[in-house]
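**Student:** Using only what follows, build the 3D model:
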Amino acid sequence: MASSFHFSLLFLSLLSLSPAPAKASFHPHALLLPVQKDPSTLLYVTQLNQGTPLASENLTLDLGGQFLWVDCENGYSSTTYRPARCGSAKCSLAGADTCGECSSAAKRPGCSKNTCELFPDNTVISAATNGDLGVDVVSIQSTDGFNPGTFVSMRHFLFSCAPAFLLKGLPSGVRGMAGLGRTNISLPSQFSSRFKLNKTFAICLTASTRASGVVFFGPGPYHFLFNTDASTSLLYTPLLLNPISTADAYSRPTASSDYFIGVTSIQINQITVPNINASLLAIDSNGNGGTKISTVTPYTVLQTSIYNAVLTFFQNQLSRVPTVAAVAPFGLCFNSTNIGSTRVGPAVPPINLVLQNANVSWTIFGANSMVQVSNEVLCLGFVDGGVNPRTSIVIGGYQIEDNLLQFDLGASRLGFSSSLLFRQTTCANFNFTSNA
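**Tutor:** Here you go, the predicted model:
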């Protein structure tokens, strides 16, 4: 109860600036949303002002999510909400082929006649259902990359209503999910189109449950306290398109909205982990395999044979440290009194996800590889995903924290910073309190 109360107060303080609409001539350089880690579910929550009058909606951040969906059954009331009529340009843009008819006599957002439907997807519990497509006002804060600025409004933001049961498994107080995925109506796509921003966004998630990380929509700089521009010195790797949808439901064949990258091998202590089936690292013709990045998966998930190979090799490289009984959901744990500390976390062998060539690797240091489960126990923060998962490697939230990831959709590439702890800052150090 206390953590939930603190969580609510923190969001209220972060968004205490009045979301008054900007002048018509104002053109934002970029936009931003604060993001906090929920201590109970380990998911990431942001807040968006929506409707008329504007109401703040807590939303679970879903990096690969197709669009914004909101529970419209419980208290969604707005004078500017409009359903998207079947056959309209809005439905075409959203790829909504299904037409719905609500049988209730009392019409409301999410229950209208002749309205096209999408399939809002709770990717945390892998459940989807049908929901009306609609438009409404949203308000979001601008930024110059250094400080928060004026709130700007978008009048015809496309989103899907969803029934309340789809909130199962999400943090307390959340009203839906904010999708940042590769679709025409995800948050990045709609914001870049409306405000003429380049097709780039960046996420910087914090490990702290008492401070906020940030999502930037638009170009850098992405400036953090202690004079750090996290948009500099990025390494880049191509974003791969999985041609088969990974959603839990869809009305027609479509490409996946998730962000995939091309991991070609895994190294521990700069040594390639043996016995990894290379075919699992590629996306096959059925859309299986490969590596994607996820904010709804708390820890990185590996296909069983990859998981076993990584755990065995990691333990061999850290053989001087005694192991202890594993603590679920992890399979390899150590006595932490025998592990030292560094600027980037526990002093353990770094793990490299080798990308398009040997010179481009995503390095995971101790702060992102080891989880402190008790005073004297550290566990390797990777989880067994089973023998036949849809995706072979899912890079989870814990491995993303305090790393800036820039998704350049125009160039179809991912820029990644490595741990900001090396630069003596964190993703919690954006200056939300300063007025522009």
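
**Student:** who are the neighbours in contact with Asn368?
**Tutor:** Taking CB atoms under 8 Å, 6 or more residues apart in numbering as the definition of contact, the neighbours of Asn368 are Gly345, Gly381, Tyr398, Gln399, Ile400, Glu401, Asp402, Asn403, Ser419. For the C-beta atoms, the positions are set from N, CA and C on the backbone; glycine is no exception.

**Student:** so of the residues you listed, which ones are in helices?
**Tutor:** The members of the contacts of Asn368 that map onto helices under DSSP state H are Tyr398, Gln399, Ile400.

**Student:** how does this protein divide up, domain by domain?
**Tutor:** For the chain, the domain assignment from automatic domain parsing gives the residue ranges 2-219, 235-429.

**Student:** just so I know, which of those domains lies nearest Phe226?
**Tutor:** With CB to CB as the criterion, Phe226 lies closest to domain 235-429 of those, at 4.8 Å.

**Student:** What mean pLDDT does the closest one get?
**Tutor:** Per-residue pLDDT over domain 235-429 has a mean of 96.

**Student:** so how far is the first residue of it from its last?
**Tutor:** Between the opening and closing residues of domain 235-429 we find a distance of 21 Å, counting by CA to CA, to the nearest Å.

**Student:** One more: stretch 248-259?
**Tutor:** Taking CA to CA, the first and last residues of stretch 248-259 lie 16 Å apart.

**Student:** hmm, back to that, may I ask which of the ones in helices among the contacts of Asn368 has the most neighbours?
**Tutor:** The member of the ones in helices among the contacts of Asn368 surrounded by the most neighbours (other CB atoms under 10 Å) is Ile400, with 26 neighbours in all.

**Student:** give me the number of residues near the residue nearest to that one when sequence neighbours are not counted?
**Tutor:** By the measure of CB to CB, 6 or more residues apart in numbering, the closest residue to Ile400 outside its immediate chain neighbours is Leu205, 5.4 Å from it. Look at Leu205: counted by other CB under 10 Å, it has 26 neighbours.

**Student:** was I right about Trp60 contacting Val174?
**Tutor:** Let me fix one detail, which is that residue 60 is Thr and not Trp. Yes. Applying CB atoms under 8 Å as the test, Thr60 and Val174 come out as touching, 5.3 Å apart.

**Student:** what sits in contact with each of those two?
**Tutor:** Here Thr60 and Val174 have Val45 as joint contacts, going by CB under 8 Å, 6+ apart.

**Student:** Which residue of those two possesses the greater neighbour count?
**Tutor:** For Thr60 and Val174, the more surrounded residue by other CB under 10 Å is Thr60, and the numbers stand at 26 against 22.

**Student:** Could you look up the SS state of that one?
**Tutor:** Reduced to three states with DSSP: H, G, I helix; E, B strand; the rest coil, the structure at Thr60 is strand.

**Student:** Would you enumerate the residues in contact with it?
**Tutor:** When contacts are counted by CB under 8 Å, 6+ apart, Thr60 touches Leu43, Tyr44, Val45, Val124, Leu170, Pro171, Val174, Gly176, Met177, Ala178, Val296.

**Student:** can I assume the third one sits in a strand?
**Tutor:** Yes. Counting by three-state DSSP, one finds Val45 located in a strand.

**Student:** That one touches Gly176, doesn't it?
**Tutor:** No. Using CB under 8 Å, Val45 and Gly176 do not qualify as a contacting pair, with a distance of 10.8 Å.

**Student:** Give me the more crowded residue out of those two.
**Tutor:** Higher neighbour count among Val45 and Gly176: Gly176, with 29 against 23, using other CB under 10 Å.

**Student:** My read is that that one contacts Val70, right?
**Tutor:** Yes. Applying CB under 8 Å, one finds Gly176 in contact with Val70, separated by 3.8 Å.
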